[in-house]
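Asker: Next comes the sequence, and after it the predicted model I'd like to discuss.
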Amino acid sequence: QVQLVESGGGLVQAGGSLRLSCTASGDIFTINAWGWYRQAPGKQRELVAVITHGVTTNYADSVKGRFTISRDNAKNTVYLQMNSLKPEDTAVYYCNAHRLRIYTDHEEEQDYWGQGTQVTVSS
């Protein structure tokens, strides 16, 4: 099991910045990828950013150049630095830990989620 606790959300004006944190505990050494997702009211949950093997990052087109995902292994924490925030970034942000286990005859995937943290950007 993996437990994820997010923090850092809040209310900010357009153009401002926030940093989200996700602290992990439990069986984290088998996690392959760490990510941030978001879900706005009436919309599906979408991937914002992901970091794999501790160094490879990918971002949604809508946040490229504004958001940065990083991981501090010593603190078991994943961060999402969000700059130049826009009202359309308003959503509940969720931390995700993804595990993929490859066996000779099958694969097993498992996702763990945090409780979510609200980010509201006012215009």
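Answerer: Happy to help now that I have it.
Asker: Any regions of this protein where pLDDT drops low?
Answerer: 54 (pLDDT under 70).
Asker: I'd like to know how far the most centrally placed residue in it sits from Leu4.
Answerer: Closest residue to the average C-alpha location of the chain: Trp36 at 1.6 Å, with Cα atoms, centre = their mean. The spacing between Trp36 and Leu4, counted by Cβ to Cβ, to the nearest Å, is 11 Å. Every C-beta, even on glycine, is put in place using the N, C-alpha and C of the backbone.
Asker: intersection of neighbour lists for the two?
Answerer: Any residue near both Trp36 and Leu4 by Cβ atoms under 8 Å, 6 or more residues apart in numbering counts here, and that gives Cys22, Cys95, Asn96.
Asker: secondary structure element for the last one?
Answerer: With elements taken from DSSP states H and E, the one containing Asn96 is strand 91-102.
Asker: I'd assumed Asp61 was in a strand, is it?
Answerer: No: secondary structure of Asp61 (DSSP: H, G, I helix; E, B strand; the rest coil): coil, not part of a strand.
Asker: And it, how far from Glu46?
Answerer: Distance from Asp61 to Glu46, by Cβ to Cβ: 11 Å.
Asker: Equivalent analysis for Leu100, please.
Answerer: Counting by Cβ to Cβ, the gap from Leu100 to Glu46 is 20 Å.
Asker: what's the answer for Glu108, then?
Answerer: 24 Å.
Asker: can you check Ser7 too?
Answerer: Taking Cβ to Cβ, one finds Ser7 at 21 Å from Glu46.
Asker: quick one, what contacts Ser123?
Answerer: Ala14, Pro87.
Asker: err, Asn32, not the other one
Answerer: Taking Cβ under 8 Å, 6+ apart as the criterion, Asn32 is in contact with Thr52, His53, His98, Arg99, Leu100.
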